[in-house]
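*Asks:* Generate a structure from the sequence data that follows.
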Amino acid sequence: MEIETGNLGDLETRGSGWVVGFSPETEEGSGLRFVPDAKDTTGPCIKWMAHLIGDGRGRNKPVNEGRTLSVLVSETGEFRLKFSCDPSLAEGVHEVVLRRHGDYAIWGGGIYHEWTVAEACTIMTIRWK
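*Replies:* Numbers count the residues shown, from 1 in each chain. I've put the predicted structure just below:
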């Protein structure tokens, strides 16, 4: 029987934060949690990421495919998301701030986004097609 257990915060993700689903960093034989990026999947992908202030990975994100849900799971923190149909995020920007435990944003395909960390926090993100 194939079973994996553990704590999401302790998993090695090669800096990606993705703990279930698919990722370019995923290799064949990497366990039950992943489907290699070369294989098509429509199931959920789950990311658990502790963010420090100044985390610079939130820029130049690709256009969203499917749907994405991000949730502030830490008791404290502030995570800012910007959304737009414009790839440069220069026009029609909608900003959301997650600052209370459980705050979330969900968005669909064709939307560009970026994020910044105003206060250290942990975010869980789920995406699916």
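
*Asks:* Would you tell me what the next helix or strand after the lowest-mean-pLDDT helix or strand in the chain is?
*Replies:* The weakest-scoring helix or strand in the chain, judged by mean pLDDT, DSSP states H and E, is strand 34-36 (a mean of 67). Reading on from strand 34-36 to the C-terminus, the next helix or strand found by DSSP states H and E is strand 45-51.

*Asks:* could you give the mean pLDDT of that following strand?
*Replies:* Strand 45-51 shows a mean pLDDT of 92.

*Asks:* what does it rub up against?
*Replies:* Outside of strand 45-51, the residues within contact range by C-beta atoms under 8 Å, 6 or more residues apart in numbering are 8-9, 11, 16-23, 73-74, 77, 79, 117, 120-128. Yep, even glycine has a C-beta here, placed from its N, CA and C like the rest.

*Asks:* ok now it, how far from the chain's centre?
*Replies:* 5 Å (C-alpha atoms, centre = their mean, to the nearest Å).

*Asks:* Quickly run through the sheet partners of it, with directions.
*Replies:* Sheet pairing of strand 45-51 (DSSP bridges) gives strand 18-23 (antiparallel), strand 121-128 (antiparallel).
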